[in-house]
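1. Quick one, structure for this:
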Amino acid sequence: MPKKPFRPTKQSDLRALVSIHDVMPETRAQVTTMLLKLAQQAPQLTPPFITLLIVPGRQWSQSDLAWLHALAQAGHPLAGHGWSHKAPLKRTLYHLLHSLVLSRDAAEHLSRNHHELRQLVLDCFNWFHHYGLPRPSLYVPPAWAAGNLGIRQWKTLPFAQLETLAGVTDLQSGHKYKLPLTGYEADNAFRAISLRLFNCLNIKHARKSGAPLRIGLHPFDLDYRLAQNALSDLTLVDRFCQYSELH
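-> So this is what the prediction gives:
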């Protein structure tokens, strides 16, 4: 049996995994600003503890790629995050409901068949090598929605870890780490109220269980209604961790 990760020395200790989603040319300015603010708010949150979720299938210029190389060289782990971050137009009923409640137009894994999903994930992984970037071990589908692939199919793909809403799966062993999560993409009042409650419950669960809290940031979060919550929650963390420590 794999060891339970990050066993705390006391019940109130808070460990955290930090990631920034939707890193693409269109969000370059926002991601750059966010990284500066995170460094000011939590100096111990150094680049190796901020995983960047990259969307490969956008229009990456040479300048954008140079920026991404610089982030990787600074120590930021890179992860795969879909291909285009754009859901297909033809959608199942489940996908339509998922879009209304959570994902809007981002869950590109949903409403796709096995073959399409395999190719999408492979294209994502191969893009990093094509541009001389470190090959990622973590894959996070947009909106954390993995779609219609089972664990056996994921094991045939080159990523070592898969993150979904429930937690992180080690794709070699099949072990699932159920991890609490906070999010701050509160661009309207309903989302602000819902996420504030959701985050509070998950932080309490992380403290009680000793499991690391996943702090999932999005590029525009610091412009939204929970901006101060996002920054203040970082100050609650006793130790920042890396996804690679889950092995």
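2. Going by C-alpha atoms from here, please, whenever you check contacts or count neighbours.
-> Will do.
3. Now do the strand or helix carrying residue 37: everything it contacts.
-> Element membership of residue 37, judged by DSSP states H and E, is helix 28-41. Contact partners of helix 28-41, identified using Cα atoms under 8 Å, 6 or more residues apart in numbering, comprise 20, 23, 45, 46, 64, 219, 220, 222, 231, 234, 235.
4. Pull out the buried residues from those.
-> 20, 23, 45, 219, 220, 222, 231, 234 (16 or more other Cα atoms under 10 Å).
5. Select, from these, the two members most distant in space.
-> Spatial extent of the buried ones among the contacts of helix 28-41 (Cα to Cα) is set by the pair 23 and 234 at 20.0 Å.
6. Let me see the ranges of the strands in this protein.
-> Assigned by DSSP state E, the chain shows strands spanning 15-23, 50-54, 78-80, 138-139, 161-163, 167-170, 176-178, 181-183, 213-217, 239-241.
7. Would you pull up how far the longest one lies from the middle of the chain?
-> It refers to strand 15-23. 5 Å (Cα atoms, centre = their mean, to the nearest Å).
8. top helix in this structure by residue count?
-> The longest helix of the chain (DSSP state H) is helix 189-209.
9. How about that one, which residues are buried there?
-> 191, 192, 195, 196, 199, 202, 203, 205, 206, 207, 209.
10. Is it possible to get TSV of the residues you listed that adds pLDDT and distance to residue 30?
-> Below are the buried residues of helix 189-209 laid out as TSV (pLDDT from 0 to 100; distance: Cα to Cα, whole Å):
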residue	pLDDT	distance to residue 30
191	91	20
192	95	20
195	95	21
196	97	22
199	98	23
202	98	26
203	98	26
205	97	30
206	98	28
207	96	30
209	95	33
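11. Could you work out the end-to-end span of stretch 214-225 for me?
-> Taking Cα to Cα, to the nearest Å, stretch 214-225 runs 20 Å from one end to the other.
12. roughly how far is that stretch from the heart of the chain?
-> On Cα atoms, centre = their mean, the centre of stretch 214-225 falls 11 Å from that of its chain.
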